[in-house]
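K.L.:
Prediction below, plus the sequence it came from.
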Amino acid sequence: MQPLRIEDIFAAGDRVVVRFKSFQKHDQDYYGIPKSDRMITFHETHVMRIANSKVVENIVSATNLEFEMLMAPVLTPMILT
């Protein structure tokens, strides 16, 4: 595993944007998917709206294809049925 890596962080008005990569090892069974020992990369962007020093909204955009493909046997029936 590697530490989470922040690639961008900035603020404008009442918004804070954080774009990061996270690297996770699939080292145990997860929702019935046997461990693969693969490193899975998560790419995410969070756009947070701040009010009274608190996050009151968080919009997330993610490109996590590796994880989605790994989880396809579990996610497909949940989505398509």
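P.N.:
Cool, got the structure.

K.L.:
Going by C-alpha atoms from here, please, whenever you check contacts or count neighbours.
P.N.:
Fine.

K.L.:
ranges for the strands of the chain?
P.N.:
Counting by DSSP state E, the chain has strands at residues 2-12, 15-25, 39-51, 54-63.

K.L.:
any idea of the mean pLDDT for stretch 59-68?
P.N.:
In this model, stretch 59-68 has a mean pLDDT of 90.

K.L.:
Export the strands of the chain as JSON lines, with columns for mean neighbour count and distance to Thr81.
P.N.:
Formatted as JSON lines, the strands of the chain follow (neighbours: other CA atoms under 10 Å; distance: least, CA to CA, whole Å):
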{"stretch": "strand 2-12", "mean neighbour count": "11", "distance to Thr81": "35"}
{"stretch": "strand 15-25", "mean neighbour count": "16", "distance to Thr81": "29"}
{"stretch": "strand 39-51", "mean neighbour count": "17", "distance to Thr81": "26"}
{"stretch": "strand 54-63", "mean neighbour count": "12", "distance to Thr81": "23"}
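
K.L.:
closest to Val74 out of those?
P.N.:
Closest to Val74 of those is strand 39-51 (CA to CA; 16.9 Å).
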